[in-house]
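Enquirer: starting from these lines, generate the structure:
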Amino acid sequence: MVEHMVWIRFKAGVSDARQEEHLAGLRSLAGKIPGVISVKAGKNFTDRSGGYTHGLLVTLTDRRALETYLPHPEHVKVAGPLKQDADLLAMDIET
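Expert: All right, here's what the predicted structure looks like:
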């Protein structure tokens with residue numbers, strides 16, 4: 001399996017409601033893209049994140065599923081607006 005992790009730091013002025021819209025959009029990807037097993041997104045509650053405030057964890061069947069997920073229209077529809085409102089870091093690992 002592959003874990004796709006994204007650290008999110010919303011830019012100043014992005015309202016709490018808008019942040020939740022982004023997280024809901026990310027969560028909605030479960031079941032829409034082949035190879036996605038689960039999608040989890042939420043707010044960080046520790047002081048160890050270097051200023052990143054939210055996180056995303058997508059579990060996929062394999063690397064091929066990740067290659068399908070990233071350019072998939074449903075992902076692009078959600079990720080595009082998020083990139084405008086936040087700074088992101090991403091990491092992918094096999095488990």
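Enquirer: what strand or helix carries residue 4?
Expert: Counting by DSSP states H and E, the element that carries residue 4 is strand 2-10.
Enquirer: paired strands for that strand, with orientation please.
Expert: Counting by DSSP bridges, the strands paired with strand 2-10 are strand 54-60 (antiparallel), strand 86-94 (antiparallel).
Enquirer: which outside residues touch the longest one?
Expert: So that's strand 86-94. The contact list for strand 86-94 (C-beta atoms under 8 Å, 6 or more residues apart in numbering) reads 1-11, 14, 22, 52, 54, 63, 66, 82. In this view, the C-beta of every residue, glycine as well, is placed from N, C-alpha and C.
Enquirer: which of the strands paired with strand 2-10 sits most buried?
Expert: strand 54-60 (a mean of 20; mean count of other C-beta atoms under 10 Å).
Enquirer: how distant is that one from the center of its chain?
Expert: 5 Å (C-alpha atoms, centre = their mean, to the nearest Å).
Enquirer: residues in contact with that strand?
Expert: Contacts of strand 54-60 (C-beta under 8 Å, 6+ apart): 1-10, 19, 23, 26, 29, 35-44, 49, 66, 69, 86.
Enquirer: what about 7 Å?
Expert: The contact list for strand 54-60 (C-beta atoms under 7 Å, 6 or more residues apart in numbering) reads 1-8, 19, 23, 26, 35-44, 66, 69.
Enquirer: so what strands line up beside the one helix or strand residue 42 maps to?
Expert: Element membership of residue 42 [criterion: DSSP H and E] is strand 36-43. Applying DSSP bridges, strand 36-43 is found paired with strand 54-60 (antiparallel).
Enquirer: done for today, thanks.
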